[in-house]
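Novice: here's a sequence, model it:
(3 chains)
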Amino acid sequence: MEFKGRDIISIEDLSQQEINYILDVSQSIEPLAKVGSDMLRGKILATLFFEPSTRTRLSFETAMLKLGGGCIGFAEPVLSSTWKGENLVDTIRTVENYADVIVLRHSLEGSARLAAEFSCVPLINAGSGAEEHPTQALIDLYTMRKEKGRIDGLRVALVGDLRYGRAVHSLAYALALFNVELYLVSPDTLRMRKDVLNVIKNKISVTEYTSLDNIISKIDVLYVTRIQKERFPEATEYAKVKGAYRIELKTLTNAKDDLIILHPLPRVDEIAPEVDTTPQARYFQQVWNGIVVRMALLSLVLGTPPDCPKTNKNP
Amino acid sequence: MEFKGRDIISIEDLSQQEINYILDVSQSIEPLAKVGSDMLRGKILATLFFEPSTRTRLSFETAMLKLGGGCIGFAEPVLSSTWKGENLVDTIRTVENYADVIVLRHSLEGSARLAAEFSCVPLINAGSGAEEHPTQALIDLYTMRKEKGRIDGLRVALVGDLRYGRAVHSLAYALALFNVELYLVSPDTLRMRKDVLNVIKNKISVTEYTSLDNIISKIDVLYVTRIQKERFPEATEYAKVKGAYRIELKTLTNAKDDLIILHPLPRVDEIAPEVDTTPQARYFQQVWNGIVVRMALLSLVLGTPPDCPKTNKNP
Amino acid sequence: MEFKGRDIISIEDLSQQEINYILDVSQSIEPLAKVGSDMLRGKILATLFFEPSTRTRLSFETAMLKLGGGCIGFAEPVLSSTWKGENLVDTIRTVENYADVIVLRHSLEGSARLAAEFSCVPLINAGSGAEEHPTQALIDLYTMRKEKGRIDGLRVALVGDLRYGRAVHSLAYALALFNVELYLVSPDTLRMRKDVLNVIKNKISVTEYTSLDNIISKIDVLYVTRIQKERFPEATEYAKVKGAYRIELKTLTNAKDDLIILHPLPRVDEIAPEVDTTPQARYFQQVWNGIVVRMALLSLVLGTPPDCPKTNKNP
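Specialist: Sure, this is the predicted structure:
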């Protein structure tokens, strides 16, 4: 399987086989995340964040440093504005001379796809408009496989704002490639978008709920997302919904012992701090897995993945 | 003496023996500051500056680069705001996955202590609220010992704003651990805070003055601090005070030849540029010493200090 | 020829022999730009951008990383303001303790010269006020020599705003050291400044035009610059001028096959996108050459240039 030179724009561009391969490489590379490596020495990553996301930027930079490479880039609107007057394509044609790989975050939908078409070096989408955030979905899958030993056969609940969250759409597409049972739990106004729903319903079992109560005892993975105040016309409506979908200790009373709770972070009120110390909480481990998966992606698109015994057996 | 994994939050957390050890390690590491080292290769420093301080941030980053490590982080309010909605504890729990050591600057008192309690990796306080700035105090001590050969027995004058300056409080606490004579020189409205004064008066000889005139001929170290306009209700009052505490060539007429003049920088008007070329001026050497001491601290908390012959004799 | 420790402030400080040497070293170092090097391992570059210029900053940082060195600095006004109250000289005296070489961009004319006078480490001017941008001129010359095999004998047209563009003044001074025929093409209101014109007219053949039509068939190098709206009191006047100096496919009908088109970038409307795919377009190659020339300059002022066979023959 050849990833050298490829762009990572959408989770929908990846087959199940390719996703499994990325997760295998992630597993192989995880020990290097602890001790560091010189695998990408002399290589340069450019992080172009036209929209700020300190968390995602630092995660990619950490991944590159741990592989021995260097980082350049900009982190915020005030600096990206110095490129203004210039179109995105010219910016990419400039930066491809500086860097061996580009990570782009941009507020416009389609921007990552456009940029990748013109870039001579591999480009990784770190969020474009309200569209997908493919590396987050890969991190979520990696966490599930690492924690539960498999993805097939899992019962996964996605909870919260399923309408506007870009991470959750990428994850839904990705899960639809596996043999999972999917439970969508959200207020009526924040149900999963119809276009996404139609695609995934054709592939896997999907049921929608407005409450966790009836399914909490069945599920293996509880994936929680932010519900943003801005989505509600009235503050009282928001307060009501927010409370109803908050995960607290009592929410977990009937949960399986080996349930895992995930969240793409940052968390605001969706998960009570008291849940952090339960054996089910895995959302901060996801941060670590984020570095691992991004190390795997950087090494793959730059053509230097580590030996990967598991995959090599069935090439 | 074990520093591996320790946080550096307040100068008051350190014993005299521990401070001496840090200064010994600084002395041992100083040659590496010139030629560079691979001591921390593969390690990552995260600089989290919720309050901007370009000088302190660059000093820490330089120290890390000179030890062969890498740096990630953010430098300004506009970026730190992208963590908002998230509490500081969650930010730390995220960043501890990226970095092997964290340097934090935050405008709230107690923030560094709180962050350190939750961080799995060592955390160094680079200024929290109006509280201490412990690494600056260590740099001041290192400069005194390097320039005068000892700290015990020195006559040290602290001049200027002794009430609000956070560096000067940390320094006063630190000096009180040594056998020094301390002279506090300030306008009445900017005298050293009572709580600090009470602590240090119990330990060493402290006398307060409103003018340098009577002590300039006696002292070995003249430590100058900024007097900020904002501290005075009336501009005329500020102008008068500012002039009275400005160090000029004529101020030094009766000073010892081997007096040394220190300042935490940036300097505004407190020291006339004509003083820069006197043999007594040492404030820019302090900048260099800052890198040295921070290299020592990073190597200590990461458990890789250089061999330190002086200390090894009396372990 | 000794460059170790030298500042690069103005193209006018360099002799033709010195410029040739820099271009020779650039040619020798170009292979390292592809594979990376450890030549400056342990060295630190400080990029002090009091005025933002993401493109120039990233180019210098890339050059330093490709030589194995590290980078510190600040990129924007919001951070440089944290140095305020402090004068530029004190900032330089501080940063020279952190870095082995400084790259400065500042909005005030003369700032780079002043800073260099006080800096113990070499300082490279990345743009000071409306004055010169010497490294851009060296990049332009390097591109011409690389693409055409020589500079002497070339017919070069500078087109657009020749009055306010700082890059074009540095380039004009540099070209005047070689045996070139210079064609200046601009609207009347944006003609080359008299002081620059007087200097270069004494050295080489210079003719001024208001249209490209009569010379397009003769020239070897077409150097295009931005025409900024702000230079025109009336929008209609700007629109007319902008259109007249825009390079399109039809502009090139009578051009030589081996003409090369350069532009310091960013490009706005001055060159139609359709021109990008012509064999004459070289403006994105200039970006690559920018890294090469800056690698050469960094290695030169730090005293570690690569072996340079061409130059060694005639030392």
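
Novice: find the closest residue to chain B in the stretch 1-150 of chain A.
Specialist: Closest to chain B within the stretch 1-150 of chain A is A:Gly36: 2.9 Å, counting by CB to the nearest CB. Just so you know, the C-beta spots here come from the backbone N, C-alpha and C atoms, and that holds for glycine as well.

Novice: show me the contacts for that residue.
Specialist: A:66, A:68, B:41-43 (CB atoms under 8 Å, 6 or more residues apart in numbering or on different chains).

Novice: are any of those buried, and which?
Specialist: Using 16 or more other CB atoms under 10 Å in any protein chain shown as the burial test, these include A:66, A:68, B:42-43 as buried.

Novice: which among the residues you listed gets closest to chain C?
Specialist: For those, the nearest to chain C is A:Gly68 (10.7 Å; CB to the nearest CB).

Novice: correct me, but the closest one touches A:Val35?
Specialist: No - look at A:Gly68 against A:Val35 with CB atoms under 8 Å: they stay out of range, at 11.5 Å.

Novice: distance of A:Ile72 relative to chain C?
Specialist: Distance of A:Ile72 to chain C, computed by CB to the nearest CB, to the nearest Å: 5 Å.

Novice: what about stretch A:185-192, how long is it end to end?
Specialist: End-to-end distance for stretch A:185-192, by CA to CA, to the nearest Å: 9 Å.

Novice: buried stuff in it?
Specialist: A:185-187, A:190-192.

Novice: and A:Ala115, what does it touch?
Specialist: Counting by CB under 8 Å, 6+ apart, A:Ala115 makes contact with A:88-89, A:92, A:102, A:104, A:106, A:123.

Novice: model confidence for whatever residue of the stretch 151-300 of chain A ends up closest to chain B, exactly?
Specialist: Closest residue of the stretch 151-300 of chain A to chain B, CB to the nearest CB: A:Pro266 (3.8 Å). Per-residue confidence (pLDDT) for A:Pro266: 89.

Novice: and it, what are its phi and psi?
Specialist: A:Pro266 adopts backbone torsions of phi -70, psi 150, taken as degrees, to the nearest 10.

Novice: now it: how far from A:Lys229?
Specialist: Remark: distance between A:Pro266 and A:Lys229 (CB to CB, to the nearest Å) = 15 Å.

Novice: what about A:Ser53, distance to C:Leu222?
Specialist: Relative to C:Leu222, A:Ser53 is positioned 41 Å away (criterion: CB to CB).

Novice: the two: who's more crowded?
Specialist: C:Leu222 (28 against 19; other CB atoms under 10 Å in any protein chain shown).

Novice: which SS state does the residue lying closest to that one once chain neighbours are set aside fall under?
Specialist: Excluding the flanking residues, the one nearest C:Leu222 by CB to CB, 6 or more residues apart in numbering or on different chains is C:Ile261, at 4.8 Å. Secondary structure, DSSP: H, G, I helix; E, B strand; the rest coil: C:Ile261 is strand.

Novice: show me where the stretch 201-315 of chain A has its strands.
Specialist: Using DSSP state E, counting those that start in this stretch, the strands of the stretch 201-315 of chain A run over A:205-209, A:221-224, A:260-262.

Novice: what are the contacting residues of the second one?
Specialist: Going back to what we said before, that points to strand A:221-224. So strand A:221-224 is in contact with A:140, A:144, A:148, A:154-160, A:168, A:171, A:212, A:216, A:247, A:255, A:259-263, A:267, A:270-271, A:280, A:283, going by CB under 8 Å, 6+ apart.

Novice: repeat that for the last one.
Specialist: Applying CB under 8 Å, 6+ apart, the contact partners of strand A:260-262 are A:140, A:143-144, A:147-148, A:220-224, A:247, A:271, A:275, A:278, A:280-283, A:286.

Novice: re earlier: deepest in the core, which of the strands of the stretch 201-315 of chain A is it.
Specialist: For those, the largest average neighbour count (mean count of other CB atoms under 10 Å in any protein chain shown) is found in strand A:221-224, namely a mean of 26.

Novice: need the contact list for the residue positioned nearest the centre of chain A.
Specialist: With distances taken as CA atoms, centre = their mean, the residue of chain A nearest its centroid is A:Gln136 (0.7 Å). Contacts for A:Gln136 were tallied using CB under 8 Å, 6+ apart; they are A:167, A:170-171, A:264, A:290.

Novice: report pLDDT for A:Cys308.
Specialist: Predicted confidence (pLDDT) for A:Cys308: 54.
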